[in-house]
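Peer 1: The sequence and its predicted three-dimensional model are supplied below.
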Amino acid sequence: MMISRKLIRTDLNLLVALQILLEERNVTRAAERLSVSQPALSKTLQKLRDSFEDELFTRTAHGLVPTPRAEELGANLPGLLETIDHVLGSVEFSPETYAGSFKLLMPPIMCESLLPSLMAELETFAPNVQIIMAEVPPNYQEQLKKGEADFAAFVAVETERDIHAEPIAAIAPRCYMRVDHPLANKEMDLQDFLAYRHLRLYLPGLTRENTSLVDDVLGQYGVHRTIALETTQFSSAVGVLTRTDSLLVANAGFQEGGLYRDRIVGHEMPAELQRMIRNTHSRNRGKMSLMRHIRTSRSAPHQWMRGLLMRHLSSSPELVEPDSPPQQLAADGSAVGPG
């Protein structure tokens with residue numbers, strides 16, 4: 001390979017600064033991320049303009065607007081910088097000695113199901129790893145792009161081209177009730193299922209245009225269930241279950257999780273309802289996915305954490321059902337609407 005004189009003269013730190021400027025579109029925020037002063041970053045920007053013989057950005061009241069040349073560079077920079085980072089950080093990765101943090105964006109019910117098993121494994125095999133967990137904000141894809149978050153678990157409605165979405169395996173739901181519920185010790189049929197009021201779990205931040213998958217299927221057969229409460233919090237729903245005769249459709253395993261073992265019991269969904277779901281085409285189908293930015297695709301720590309998360313999310317029986325609507329996902333594998 002013949003290395004050009006221009007490449008020899010180029011300071012690779014300029015490319016890093018350009019990538020941060022493209023992500024932030026704001027000199028102040030970019031300077032903060034680069035740990036430099038604004039005047040220093042302004043000088044760096046001028047060097048970039050001289051190097052590429054292009055203005056790269058124009059200033060507006062809303063921040064920096066990239067030129068077509070800057071947009072073209074922005075399409076190639078993430079992969080290039082990731083390759084350089086991989087070369088520079090080619091030391092073998094070891095979870096046992098790795099000291100770093102990962103920020104995860106997940107709905108509350110997924111945090112409740114994931115964290116106990118994930119943190120127990122990390123304590124044993126990667127004790128220096130820190131997890132920062134937060135709920136999924138509306139701009140979660142922007143946070144992934146800017147490096148403000150490492151992973152997001154949510155319904156991948158429309159992902160930008162530099163966001164990779166990996167579907168999480170579906171887990172069959174069960175019908176939960178208090179341990180001394182009238183149905184606790186009998187095989188439940190569809191008539192039993194419909195005779196009681198229901199609680200419904202959903203994920204915040206999505207539209208409420210559609211009813212749940214369960215309700216959508218029931219509706220196509222001309223029957224309906226009564227929804228007494230909708231909530232994003234499984235623990236709150238358990239509190240209601242223990243004090244009422246309500247039922248809750250959610251993924252299998254919550255009663256084995258320790259906190260709820262002596263408070264609730266889960267039954268298989270009525271066989272008739274299971275057949276109805278299998279045989280009915282529902283418009284309320286989407287995929288819960290684990291999302292990340294492509295810049296982390298060659299990062300050994302991120303690939304390790306991705307595998308860890310996918311294993312726990314796909315095998316943990318406490319998962320939210322992913323076969324749910326792009327518009328509104330519920331913990332029963334449903335899209336949630338006002339009822």
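Peer 2: Yep, it's here.

Peer 1: what about stretch 161-169, start to end distance?
Peer 2: 22 Å (Cα to Cα, to the nearest Å).

Peer 1: Now do the buried residues in it.
Peer 2: Neighbour counts over stretch 161-169 (16 or more other Cβ atoms under 10 Å) mark 163, 164, 165, 166, 168 as buried. (Each C-beta comes from the backbone N, C-alpha and C, glycine too.)

Peer 1: Report the two of these separated the most.
Peer 2: Spatial extent of the buried residues of stretch 161-169 (Cβ to Cβ) is set by the pair 163 and 168 at 15.3 Å.

Peer 1: how about residue 132, secondary structure?
Peer 2: At residue 132 the chain is in strand, as set by DSSP: H, G, I helix; E, B strand; the rest coil.

Peer 1: and if you look at residue 96?
Peer 2: coil.

Peer 1: where along the protein do the strands fall?
Peer 2: All strands of the chain, identified by DSSP state E, fall at 57-60, 63-66, 100-105, 129-134, 151-155, 163-167, 173-178, 198-201, 227-231, 247-251, 264-268, 288-293.

Peer 1: show me where pLDDT drops low in this structure?
Peer 2: 1-10, 86-91, 170-171, 205-211, 252-258, 281-287, 315-339 (pLDDT under 70).

Peer 1: per-domain residue ranges of it.
Peer 2: Domain assignment for the chain by automatic domain parsing gives 5-88, 100-169+286-315, 173-279.

Peer 1: my guess is residue 56 meets residue 69, correct?
Peer 2: Yes: applying Cβ atoms under 8 Å, one finds residue 56 in contact with residue 69, separated by 6.6 Å.

Peer 1: More neighbours: which of these two?
Peer 2: Taking neighbours as other Cβ atoms under 10 Å, residue 56 and residue 69 compare with residue 56 leading, 22 against 13.

Peer 1: In a markdown table, list the strands of the chain along with distance to residue 75.
Peer 2: Formatted as a markdown table, those follow (distance: least, Cβ to Cβ, whole Å):
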| stretch | distance to residue 75 |
| --- | --- |
| strand 57-60 | 16 |
| strand 63-66 | 11 |
| strand 100-105 | 25 |
| strand 129-134 | 29 |
| strand 151-155 | 22 |
| strand 163-167 | 14 |
| strand 173-178 | 42 |
| strand 198-201 | 40 |
| strand 227-231 | 42 |
| strand 247-251 | 39 |
| strand 264-268 | 48 |
| strand 288-293 | 14 |
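
Peer 1: Pull out the buried residues from the longest helix anywhere in the chain.
Peer 2: Assignment by DSSP state H gives helix 68-88 as the longest helix of the chain. Within helix 68-88, the residues scored as buried using 16+ other Cβ under 10 Å are 70, 73, 74, 77, 78, 81, 82.

Peer 1: How far does that helix sit from its chain's centre?
Peer 2: Averaged C-alpha coordinates place helix 68-88 at 25 Å from its chain's average position (Cα atoms, centre = their mean, to the nearest Å).

Peer 1: Excluding chain neighbours, what is closest to the most centrally placed residue in the chain?
Peer 2: Geometric centre of the chain, nearest residue: residue 153, 1.4 Å, by Cα atoms, centre = their mean. Of all residues not flanking residue 153 in the chain, residue 106 sits nearest, at 4.5 Å (Cβ to Cβ, 6 or more residues apart in numbering).
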